[in-house]
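1. Kindly return the folded structure for what I paste below:
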Amino acid sequence: QVQLVESGGGLVQAGASLRLSCAASGRTISDYAMGWFRQAPGNEREFVAAVNYSGKSTYYPHYVKGRFTISRDNAKNMMYLEMNRLNPDDTAVYYCAATTRPLSGSYSHYAYWGQGTQVTVSS
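-> From the prediction side, this is the model:
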């Protein structure tokens, strides 16, 4: 099975950009569609972005569409999340995840998860 490790989180001001990375090991990520989720204190885990096996198809919810970009590099076994125009509502722990489904925004479809990286956006 695949192991996932996120990095790149931090404290930024509103309007700033941040790039998260997800490093995979154990198996090649080309076997999986991948996604990013986030969870703020007291909230349920929330879908942020998904990318299919090849990287040619992506899927975003309305609250990040146009600001966030998901990408993957199967040769490096890496996935990324470029986040622009951050605002305090984006503050959360961000998780990368892998699924054998083709492309999904559903939390329950993802079997493999990283440990998360904290993103804090100050106003």
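
2. How are the strands of this structure distributed by residue range?
-> Applying DSSP state E to the chain gives strands spanning 3-7, 10-13, 18-25, 33-39, 46-51, 58-59, 68-73, 78-83, 92-99, 112-113, 117-122.

3. in the protein, which residue is closest to the centre?
-> W36 (2.3 Å; CA atoms, centre = their mean).

4. Quick check: that one vs S123, distance?
-> Distance of W36 to S123, computed by CB to CB, to the nearest Å: 23 Å. In this view, the C-beta of every residue, glycine as well, is placed from N, C-alpha and C.

5. again, but for Q1
-> 40 Å.

6. What residues does T69 make contact with?
-> Counting by CB atoms under 8 Å, 6 or more residues apart in numbering, T69 touches A49, T58, L81, E82, N84.

7. Is it bridged to anything, and to what?
-> With DSSP bridges as the criterion, T69 is bridged to E82.

8. check contacts around the nearest residue in space to F68 that is not next to it in sequence.
-> Nearest non-adjacent residue to F68, counting by CB to CB, 6 or more residues apart in numbering: M83, 5.1 Å away. Counting by CB under 8 Å, 6+ apart, M83 touches S17, L18, R19, L20, V64, R67, F68, D90, V119.

9. what's the burial count for S122?
-> 11 (other CB atoms under 10 Å).

10. could you dump the contacts of M83 to JSON lines with pLDDT, distance to Y32 and neighbour count?
-> Below are these laid out as JSON lines (pLDDT from 0 to 100; distance: CB to CB, whole Å; neighbours: other CB atoms under 10 Å):
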{"residue": "S17", "pLDDT": "98", "distance to Y32": "26", "neighbour count": "11"}
{"residue": "L18", "pLDDT": "98", "distance to Y32": "24", "neighbour count": "20"}
{"residue": "R19", "pLDDT": "98", "distance to Y32": "21", "neighbour count": "13"}
{"residue": "L20", "pLDDT": "98", "distance to Y32": "17", "neighbour count": "23"}
{"residue": "V64", "pLDDT": "97", "distance to Y32": "21", "neighbour count": "21"}
{"residue": "R67", "pLDDT": "98", "distance to Y32": "25", "neighbour count": "15"}
{"residue": "F68", "pLDDT": "98", "distance to Y32": "20", "neighbour count": "22"}
{"residue": "D90", "pLDDT": "98", "distance to Y32": "25", "neighbour count": "22"}
{"residue": "V119", "pLDDT": "98", "distance to Y32": "23", "neighbour count": "22"}
